[in-house]
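1. What would the 3D arrangement of this be:
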Amino acid sequence: MSSTHYDALIIGAGMSGLAAAIRLAYFEKKVCVLERHYAAGGLNSFYALGGHQFDVGLHAMTNYVPPGTRGAPLTKIYRQLRLTPADFGLAPQYRSEVRFPGKTLRFNNDFAFFTREVLGQFPAQKDNFLRLVRHIRDYDELDLDAKPLSGRQVLSGFLTDPLLIDMLFCPLMIYGNAEEHDMEFGQFVVMFKSIFCEGLARPREGVRRIITALRRKVRAVGGTVRMKCGVKALHVAGGHVKSVELDSGERLTAETIFSSAGYVETMRLCTDRDPEQVDRLAGRMSFIEVIHVLDKPMKALGHDATIIFYNTGKEFHYEVPADLVDPRSGVICCPDNFLFDKPLAKPMIRLTCLANFDGWAALDEPAYKRAKAEWLPRIHREVLQFVPDFRDHVVFTDFFTPRTIKHWTGHVNGAVYGAPAKLKTGRTRMDNLFICGSDQGFLGIVGSMLSGISMANLHVLKK
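-> As a prediction, this is how the structure comes out:
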């Protein structure tokens, strides 16, 4: 039976997969994106529940710069995908905070403001911090051949205050680190620049605005997206993917295959796989998220911060919790507190904490529901140290766990940021199979799109 042949097949209709498809189709490549679920977006998607619309993943889009800013990653994406700022409709944050016991670092989309905050809170670290910033600005985090470095070791070579080190790591790890305890320095630089040097923003409509813009562009340039079309197997022979078998049994062939499904998840699809060897590489960092719909915005309760990255302990611990949840640190996001031209129709507050996939996955359905009910007040107890008491204003709640994340993304262990070891070049042991997205190493929404573009450029368009 004959199969359809493509210049490129892309597994996963997340940000990186859609961006790769657009880039390739612009150069008249025959491209098809394969997505197992009915909704695009991957780790950053959206859903409806109880008459409410929710985002998955997107608290804020990092790397925000004002329209017209030259040389920034967001500007490169607009140019390479031939999109405009109006396509994403981004509104910048008002102000966010890193909160630890006795110390607060405020930041907005002006890096000079953040620098003044650090120097004001840690005056003894002034020269050290400014030297670190110069090193970060000079570091080429896009060097695909750079050797991994320990972020904690590099920072300890500049800063002598462990509290400042932890406060810098906290938001960067929570927003983009697959590794426990430490963070590869290149990843640290990516996240530092994207959050502190550039900034945070959000479309009024949430992530659906970005996904809709990308899918519309794929169609406009002649690419194809096939939804509810999962990949069952990659048939491999002689170090080459000969065909892609779909869940339906249909087989497709392609000159080049890009996968945004994750490295471990992609290798599991290969017919010549060694499951034990592959599974050892899987990441383990996962999260719970509680989303409360409110009857009034948090600003009306006296809280105007956009996002708070918090930690209530003496030290910041970024590791898989021993219990189901570790509410001692996390994220409090108030979507209403972006600088929108008018208030959102349904105010919300979102609470995100580290979680243990194995623990949640082992629960039967009654125990699973009980665990959510038991953990909710414990999470509230921690976050209410930083925000006014909103509990009497909650009109609807959704609570999703690492088990939910695994179901919708396919990521082993519900690992939000994939495997700790990144494949910066995207190359696998198959000569026509490449990784894009979180396991290639460019994280966040802008990073994912940049990953798809970079891999398409490197492995197809430059040949």
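
2. Grab the longest helix from the protein for me.
-> Longest helix of the chain, by residue count under DSSP state H: helix 365-383.

3. Give the burial count for S248, as a bare number.
-> Other residues within reach of S248, judged by other C-beta atoms under 10 Å, total 10. Quick note: C-beta positions are derived from backbone N, CA and C, even for glycine.

4. distance of G283 from I308?
-> 25 Å (C-beta to C-beta, to the nearest Å).

5. Apologies, that question was intended for L49.
-> Taken as C-beta to C-beta, the spacing of L49 relative to I308 amounts to 25 Å.

6. Looking at those two, which is more packed in?
-> I308 (20 against 12).

7. Bridge partners for that one, pull those for me.
-> Residues in a beta bridge with I308, per DSSP bridges, are E97, I332.

8. That one against R95, yeah?
-> No - under the criterion of C-beta atoms under 8 Å, I308 makes no contact with R95, lying 10.1 Å away.

9. For the longest helix of the chain, C-alpha coordinates in PDB please.
-> Included here for helix 365-383 are C-alpha records, laid out as PDB according to Å, rounded to 0.1, in the frame of the first residue of the first chain:
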ATOM      1  CA  GLU A 365     -10.100   7.800  41.700                       C
ATOM      2  CA  PRO A 366     -11.600   8.200  45.200                       C
ATOM      3  CA  ALA A 367      -8.200   8.700  46.800                       C
ATOM      4  CA  TYR A 368      -7.200  11.100  44.000                       C
ATOM      5  CA  LYS A 369     -10.300  13.300  44.700                       C
ATOM      6  CA  ARG A 370      -9.600  13.200  48.500                       C
ATOM      7  CA  ALA A 371      -6.000  14.200  48.000                       C
ATOM      8  CA  LYS A 372      -7.000  17.300  46.000                       C
ATOM      9  CA  ALA A 373      -9.500  18.300  48.800                       C
ATOM     10  CA  GLU A 374      -6.900  17.700  51.500                       C
ATOM     11  CA  TRP A 375      -4.100  19.600  49.800                       C
ATOM     12  CA  LEU A 376      -6.100  22.700  48.800                       C
ATOM     13  CA  PRO A 377      -6.200  24.300  52.300                       C
ATOM     14  CA  ARG A 378      -2.500  23.500  52.800                       C
ATOM     15  CA  ILE A 379      -1.700  25.300  49.500                       C
ATOM     16  CA  HIS A 380      -3.900  28.200  50.600                       C
ATOM     17  CA  ARG A 381      -2.100  28.400  53.900                       C
ATOM     18  CA  GLU A 382       1.200  29.100  52.200                       C
ATOM     19  CA  VAL A 383       0.000  31.500  49.500                       C
END
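
10. and the helix or strand just after it, what does it pack onto?
-> Using DSSP states H and E, the helix or strand that follows helix 365-383 in sequence is strand 394-400. For strand 394-400, the helices and strands in contact under the criterion 3 or more C-beta pairs under 8 Å, 6 or more residues apart in numbering; DSSP states H and E are strand 52-56, strand 286-294, helix 365-383.

11. right, so these: which one is the most enclosed?
-> Neighbour counts (mean count of other C-beta atoms under 10 Å) averaged over each of the helices and strands packed on strand 394-400 peak at strand 286-294, with a mean of 23.

12. where do the strands sit along the stretch 151-300 of the chain?
-> With DSSP state E, counting those that start in this stretch applied, the stretch 151-300 of the chain shows strands at 201-203, 224-226, 231-237, 240-246, 251-259, 286-294, listed in chain order.

13. so how far is the first one off the chain centroid?
-> Spelled out, it's strand 201-203. Averaged C-alpha coordinates place strand 201-203 at 14 Å from its chain's average position (C-alpha atoms, centre = their mean, to the nearest Å).

14. In the chain, what helix or strand scores lowest on average pLDDT?
-> Every helix and strand in the chain was compared by mean pLDDT, DSSP states H and E; the lowest is helix 275-279, with a mean of 75.

15. In CSV, list the strands of the stretch 151-300 of the chain along with mean pLDDT.
-> Formatted as CSV, the entries for the strands of the stretch 151-300 of the chain read as follows, by pLDDT from 0 to 100:
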stretch, mean pLDDT
strand 201-203, 96
strand 224-226, 97
strand 231-237, 97
strand 240-246, 97
strand 251-259, 98
strand 286-294, 97
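
16. Reformat these as TSV; add distance to D87.
-> Compiled in TSV, the strands of the stretch 151-300 of the chain are given as follows (distance: least, C-beta to C-beta, whole Å):
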stretch	distance to D87
strand 201-203	10
strand 224-226	17
strand 231-237	29
strand 240-246	30
strand 251-259	23
strand 286-294	26
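
17. Which of the ones you listed sits closest to L443?
-> Within those, the stretch nearest L443 is strand 286-294; the backing value is 14.1 Å (C-beta to C-beta).

18. Strand partners (parallel or antiparallel) of that closest one?
-> In the sheet containing strand 286-294, the strands it pairs with under DSSP bridges are strand 348-355 (antiparallel), strand 394-400 (antiparallel).

19. Check those for me and report the most buried one.
-> Ranked by average neighbour count under the criterion mean count of other C-beta under 10 Å, those are headed by strand 348-355 at a mean of 23.

20. Following it in sequence, what is the next regular element?
-> Going down the chain from strand 348-355, the next helix or strand is helix 357-361, by DSSP H and E.

21. Any idea what the residue lying closest to L269 once chain neighbours are set aside is bridged to?
-> Spatially, and ignoring its direct neighbours in sequence, L269 is nearest to L234 (4.6 Å; C-beta to C-beta, 6 or more residues apart in numbering). Residues in a beta bridge with L234, per DSSP bridges, are V244, C270.

22. contacting residues around the longest helix of the chain?
-> 288, 290, 310, 312, 324-325, 327-328, 330, 332, 351, 353, 360, 363, 391, 397, 399, 401, 403 (C-beta atoms under 8 Å, 6 or more residues apart in numbering).

23. swap in stretch 309-320?
-> Contact with stretch 309-320 is made by 96-101, 162, 166-167, 169-171, 173-174, 177, 180-181, 284-286, 326, 328-332, 354, 356-357, 382-383, 385-386, as judged by C-beta under 8 Å, 6+ apart.

24. In ChimeraX, how would I select the buried members of the residues you listed?
-> Isolation of the buried members of the contacts of stretch 309-320 (16 or more other C-beta atoms under 10 Å) is achieved in ChimeraX through the command below:
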select :96,97,98,99,100,166,167,169,170,171,173,174,177,284,285,286,326,328,329,330,331,332,354,356,357,382,383,386
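
25. From Q53, how far off is the closest residue to G50 other than its chain neighbours?
-> Spatially, and ignoring its direct neighbours in sequence, G50 is nearest to F396 (5.2 Å; C-beta to C-beta, 6+ apart). Applying C-beta to C-beta, the value for F396 to Q53 is 11 Å.
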